[in-house]
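[1] predicted structure and sequence below. I'll ask about it afterward.
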Amino acid sequence: MAKQPRSLAGRVIAITGGARGIGRATAEALAREGARVAIGDLDTDLARRTADEVGRAVSAFALDVTDRASFEAFVDAVEAELGPVDVLVNNAGIMPLGPFLEEDDATARRLVDINVHGVLHGMKVVLPRFAARRSGHLVNIASAAGKGPYPGGATYCGTKHFVVGVTETVRGELRGSGVDVSVVMPVVVDTELATGLGKARGIPLVQPQDVAEAIVETLRRPRFDVYVPRSMGPLTALAAVVPRPVREAALRAIGADRVLWVDPAKRREYELRAARSEPGLEPAAAPRALSEAGR
């Protein structure tokens, strides 16, 4: 007999990067399920506005995922206000893009600090609490880019490969502990991060709500691999077993190798915001690649 889906009513769910995009859509979906949602974001003003707009089930908190102490303070504040955290959705991330040979060190450090250390900090803060209670669910948001090569986003892809790998390994370490672990791997999502990106034939552009619904479903019926859309799961499995020349030829045939080759002018506003997304770093007013040649 199939297990009954879990109710999310009353569960305390923390979401990083929850003020916009996938994070906001997930907060909205979880609030509809009756969960008590805490969104943490570097942009605290936007987080508060989002919480006000979504409704009383959502609370906003300050969070800098690159700072372990800030993450500890975030979780402590959530638990003091709402009770023990049942779920952490590690969603915060950035996606500066461009040719690897033109990427400056500040951009690479920023990507790793947010997309890698930001995820690790969340895991190291909540997993001991989950393990002590023998319950809890960790959901790390990665990307389809964590399963394949997408030129134009080498370091970004590397960070998402890391998220997939560390999540899978920690799942093995926690087997039998009562803690559930999932990794969510969407294709390109129609948010600010997708500005200026190309499209691969046969691969849809998904909406933030599609990712949110997949997260809700895996919290109700836990599973590890969460592809959005689901059809990417079998395709990814098939790609893993065919010879590399065939796989690479197929990616070229559908244009997947061009998805992250971007129009810099179209992404300028996002790239500048991402450049200022970690206050511990001191980049130039704009990334070097954006400031050259009058871009």
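    In hand now; what should we look at?

[2] to the chain's geometric centre, what's the distance from stretch 92-111?
    On the basis of Cα atoms, centre = their mean, to the nearest Å, stretch 92-111 sits 16 Å off its chain's mean C-alpha point.

[3] buried set for it?
    Going by neighbour count (16 or more other Cβ atoms under 10 Å), the buried part of stretch 92-111 is 92-98, 103, 106-111. Every residue, glycine included, has its C-beta placed from N, CA and C.

[4] tell me which of those residues fall in helices.
    Counting by DSSP state H, those place 106-111 in helices.

[5] in TSV: those residues, plus distance to residue 216.
    Formatted as TSV, those follow (distance: Cβ to Cβ, whole Å):
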residue	distance to residue 216
106	37
107	33
108	34
109	34
110	30
111	28
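
[6] show me which of the residues you listed is closest to residue 51.
    For those, the closest approach to residue 51 (Cβ to Cβ) belongs to residue 110, at 26.3 Å.

[7] what's the distance between the closest one and residue 36?
    Distance of residue 110 to residue 36, given as Cβ to Cβ, to the nearest Å: 32 Å.

[8] how about residue 238?
    Distance from residue 238 to residue 36, by Cβ to Cβ: 40 Å.

[9] show me the contact partners of stretch 243-253.
    For stretch 243-253, the surrounding residues in contact (Cβ atoms under 8 Å, 6 or more residues apart in numbering) are 148-149, 239, 242, 257.

[10] cutoff 6 Å now
    239, 257 (Cβ atoms under 6 Å, 6 or more residues apart in numbering).

[11] also stretch 202-214?
    By Cβ under 6 Å, 6+ apart, stretch 202-214 touches 21-22, 25-26, 29, 186-191, 226, 228, 254.

[12] again with stretch 66-84
    Under Cβ under 6 Å, 6+ apart, the answer for stretch 66-84 is 12, 14, 36, 38, 40, 61, 63-64, 85, 113-114, 117-118, 121-122, 125, 278, 280.

[13] same deal with stretch 109-129?
    Contacts of stretch 109-129 (Cβ under 6 Å, 6+ apart): 65-66, 68, 71-72, 75, 88, 90, 92-94, 140, 155, 159, 162-163, 278, 281.

[14] coming back round to it: residue 238 and residue 36: who's more crowded?
    Neighbours were counted for residue 238 and for residue 36 using other Cβ atoms under 10 Å; residue 36 has more, 23 against 11.

[15] tell me how many other residues crowd residue 249.
    For residue 249, using other Cβ under 10 Å, the count is 12.

[16] mean confidence for the helix or strand encompassing it?
    In this assignment (DSSP states H and E), residue 249 forms part of helix 244-254. Taken as a whole, helix 244-254 carries a mean pLDDT of 87.

[17] may I have that helix exported as PDB, CA atoms only?
    Provided in PDB are the C-alpha atoms of helix 244-254 (Å, rounded to 0.1, in the frame of the first residue of the first chain):
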ATOM      1  CA  ARG A 244      30.300  11.100 -24.800                       C
ATOM      2  CA  PRO A 245      30.600  12.000 -28.500                       C
ATOM      3  CA  VAL A 246      26.900  11.000 -29.000                       C
ATOM      4  CA  ARG A 247      25.800  13.000 -25.900                       C
ATOM      5  CA  GLU A 248      27.700  16.100 -27.000                       C
ATOM      6  CA  ALA A 249      26.400  15.900 -30.500                       C
ATOM      7  CA  ALA A 250      22.800  15.600 -29.200                       C
ATOM      8  CA  LEU A 251      23.300  18.700 -27.000                       C
ATOM      9  CA  ARG A 252      24.600  20.700 -30.000                       C
ATOM     10  CA  ALA A 253      21.700  19.400 -32.200                       C
ATOM     11  CA  ILE A 254      19.100  20.800 -29.800                       C
END
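
[18] give me the buried stretch members for that helix, please.
    247-248, 251.

[19] looking at those residues, spot the one nearest residue 215.
    Of those, the one sitting nearest to residue 215 (Cβ to Cβ) turns out to be residue 251, at 27.0 Å.

[20] can you show me the helices along the stretch 1-150 of the chain?
    Using DSSP state H, counting those that start in this stretch, the helices found in the stretch 1-150 of the chain span residues 21-32, 44-54, 68-82, 105-111, 118-133.

[21] wait, what's in contact with the closest residue to residue 61 other than its chain neighbours?
    Leaving aside its sequence neighbours, residue 61 sits nearest to residue 40 (Cβ to Cβ, 6 or more residues apart in numbering; 4.8 Å). Contacts for residue 40 (Cβ under 6 Å, 6+ apart) come out as 16, 61, 63, 74.
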